[in-house]
Each structure stands twice: as structure tokens, then as C-alpha cells.
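Novice: here is my input; please provide its structure:
(2 chains)
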Number of protein chains: 2
Amino acid sequence: MKAHIKITLKTGVLDPQGKAIEGAIKGLGIGGIGEVRQGKYIEVDLGDTSTSAAKDVVERMCRDLLANTVIENYSYEIG
Amino acid sequence: MKAHIKITLKTGVLDPQGKAIEGAIKGLGIGGIGEVRQGKYIEVDLGDTSTSAAKDVVERMCRDLLANTVIENYSYEIG
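Specialist: Residues are numbered from 1 along each chain as shown, chains lettered A, B, ... in the order given. Below you'll find the predicted structure:
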């Protein structure tokens, strides 16, 4: 069982990396794009476990380690 | 319309960041986990456009700018 975790900056938090990517995309000659936000994507191999146990573990990982919940949101899929 | 892009290291490419996260998860006392891989997650606001035009633009962004296709894979959802 694998967890696919996305960590993104909360709305309103400045994202200079996203801004840099936005500038680079425009530099490619691609117009009409709006805001770009960069986040993290983490895959964790959870071994053999039940979906509910996996959910508890992933929730704990996200809250205590992977995301800074003051400025970041997290979401995940388990499967 | 928004693009949700995931960029991950190809299988076999060393991922020291993932290894560090794996060590930190084990340090939290969470056992039984296997490999951890870290990638990037990027959201791009594409404005008003058709799905097929959006797909072309996102494909170009990924290939020419966001992913290093020698060592990275990319995947995306548009919606």
C-alpha cells in the first residue's frame, strides 16, 4: 500500500518559487497563464497494512513531520 | 482551468531527500515503512482555454521547463 501525499502552501502565503516558474513559463512564449504555485509531492511505501491503519499513520506523518501546518496544507490518497 | 502537475524521479535515480524523510519518519517511531520518494507538485492556472489546448500547453511546459526528462517523469491532470 502506498501513500501519495501533496503538500501545498496555503492561500495568501507568498510563493517565490512559483513566481519564478511563472516567469520562466512566460519566457517560453506561453501566454495567458495565471498564478503558479509550487508544492511538494511525496510517495511513501507503507508495506502491508489496512487502509484505516495507513490513514492514521499518514495523518500523523503529515501533521508531525512533512507539513508545516501554519503555512501549508496537505492532502493524500492511499492505494 | 487548472493543471495539477506531479514530477517524480525515475525508478533507479537516487533520492537523498526521500532517504532523509524516510529516516525522519522512522525517528518518529513509525515502523514498517518502505521506500520514500520526494517529487514536486505544481499547480498552474491556465485561464480560459479548451482541454485540448490546455493539454498541449502543459505538455510543452513539462517537457521544456519543469521536468528534466533524463531523470524525471511527469504526469498531470487538467480540470
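Novice: from what I can see residue A:67 touches residue A:75, true?
Specialist: No. Residue A:67 is not in contact with residue A:75 according to CB atoms under 8 Å; the separation is 9.8 Å. Bear in mind the C-beta positions are built from the backbone N, C-alpha and C, glycine included.
Novice: what do these two both touch?
Specialist: Shared contacts of residue A:67 and residue A:75 (CB atoms under 8 Å, 6 or more residues apart in numbering or on different chains): none.
Novice: which of these two has more residues huddled nearby?
Specialist: residue A:67 (21 against 12; other CB atoms under 10 Å in any protein chain shown).
Novice: ok, and the closest non-adjacent residue to the more buried one?
Specialist: residue A:74 (4.2 Å; CB to CB, 6 or more residues apart in numbering or on different chains).
Novice: again with residue A:42
Specialist: Nearest non-adjacent residue to residue A:42, counting by CB to CB, 6+ apart: residue A:5, 4.5 Å away.
Novice: neighbours of the one you found, just the number please.
Specialist: For residue A:5, using other CB under 10 Å, the count is 23.
Novice: so it, which of the three states?
Specialist: strand (DSSP: H, G, I helix; E, B strand; the rest coil).
Novice: tell me what it is bridged to.
Specialist: residue A:42, residue A:76 (DSSP bridges).
Novice: wait, it touches residue A:46, no?
Specialist: No. Shown here, residue A:5 and residue A:46 do not form a contact pair, counting by CB under 8 Å, at 11.1 Å.
Novice: anything in contact with each of these two?
Specialist: With CB under 8 Å, 6+ apart, residue A:5 and residue A:46 have common neighbours residue A:58.
Novice: look up phi and psi at residue A:78.
Specialist: Taking degrees, to the nearest 10, you get phi -120, psi 130 for the backbone angles of residue A:78.
Novice: what about it, neighbour count?
Specialist: Neighbour count of residue A:78, defined by other CB under 10 Å: 17.
Novice: what do you get for residue A:55?
Specialist: 15.
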